[in-house]
Structure formats: C-alpha cells, structure tokens
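Q: Got a predicted model here, sequence first, then my questions.
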Amino acid sequence: MSTTTLINAITSLPAPSITLALGGLTTAYVFFSNIAETQRGVIPFLNGRLISPVTLDDKDRAKLWNVYFDSAAKWIVGSSIVSSLLNLTTSYLYRKSSPLISKITLGSGITSLLILPATVILGLLPINQRLMELSENDNDNIKSLEKEEEEVKKLIKLWEEKHLNRLPIYAIAWSLNMLAILLDGRV
C-alpha cells in the first residue's frame, strides 16, 4: 500500500474515526515503546540485564541515563499529551453518534494524562533530578566519587522499579483506545 493510498483511506473516514485512529496510533506508540524499552533499552543495559557486567563507570552510567531520559521524556510525555488530546477530541465528536465510544475514549484520554501525576506520586522527579546532577558533576574527590557511584546504581535501579508502576496506565489507555476502535468498526 502506497503512502498516497493510506492517506486517501484515512481522509475518507469521518472526522471522529480519523481522530480515533490517530489517537490509537499515539496511544499504541506510548504503550509499546515503553514495553520494548523495559526489555531491551538503555535502562536494562545500565542495570546489567543485557550484558553483565556493565563496564561503564558510574559517571558515564549517569550520563547515558541522562541522554536516554532527555529523549524519552520528550517523546513519551509529548505523545501522551497528543494521545490524550486526540482521545478527548474523539470523545467530543462521538458524544451524539455513539455515547459508548465517547465514554471509552474519554477514559483513554484521561488515563493518558495520568502519567503526569503518576510521575509525581511515584517519586520519580527527585530521582530524575539527582541523576541529572550526578551526570553533570565533575567532582574529582575520590571518596565522593565512590559514594556517587553506588548512588547512581541505586538510583537507576529505583527509577526502573518506579517506572514499571506506570506501565498499567499505558496499558489501560491503549486497551480503551483499542476497544473504541473495534467498536467503531471503520478504522
């Protein structure tokens, strides 16, 4: 199927189905990219699950985490917000023609936004901040460096554990969106 054919297929749908399809794409991206990242990404690498032992010193380990985080935060948070906006728009567009799809996409939209308060509630912000500080620290004091190395390992492991608690939010948002797509039957 060519790109033109795909664009024509999407634009031939009614507006609610288009926003539903695009919401489904962004919700799926957020959910499945997080699943892939937990299995074969930077964090499993840094925690020694892909190769063991990790031969990076902890200053470099913190720097690699920071590079990962900067990129992931932009894409995941941005996609979660776009997903939420698309699902909330879909909910509004379906309010008269299909109240059930409207309620389901409202739930998906709200659930997509829950990633923001979940990040705060789970305590990820102070971990993120400390890891960023450690990645930028140019301290040459040996005693301090040894303490920081242990801290980096512990913080990255703790970050991963807390992040895994957010996966059910992504799963619920995606599942609700998929249910709405199936009920719509046009996408």
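A: Here it is on my side, so go on.
Q: Now do the contacts for L20.
A: Shown in contact with L20 (Cβ atoms under 8 Å, 6 or more residues apart in numbering): L86, T90, Y94, I101, T105, N177, A180, I181, D184, V187. The way it works is simple: take the backbone N, C-alpha and C, and place the C-beta from them, glycine included.
Q: Can I get those in a markdown table including distance to Y29?
A: As requested, the contacts of L20 are exported to a markdown table (distance: Cβ to Cβ, whole Å):
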| residue | distance to Y29 |
| --- | --- |
| L86 | 12 |
| T90 | 16 |
| Y94 | 22 |
| I101 | 21 |
| T105 | 17 |
| N177 | 11 |
| A180 | 16 |
| I181 | 14 |
| D184 | 19 |
| V187 | 16 |
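Q: okay, who's weakest in these by pLDDT?
A: The lowest pLDDT within the contacts of L20 belongs to V187, which sits at 72.
Q: What's the local residue count around L164?
A: L164 has 13 neighbours, counted by other Cβ atoms under 10 Å.
Q: Go through the helix or strand harbouring P117 and flag the buried ones.
A: Element membership of P117 [criterion: DSSP states H and E] is helix 115-121. Within helix 115-121, the residues that count as buried by 16 or more other Cβ atoms under 10 Å are I115, A118, T119.
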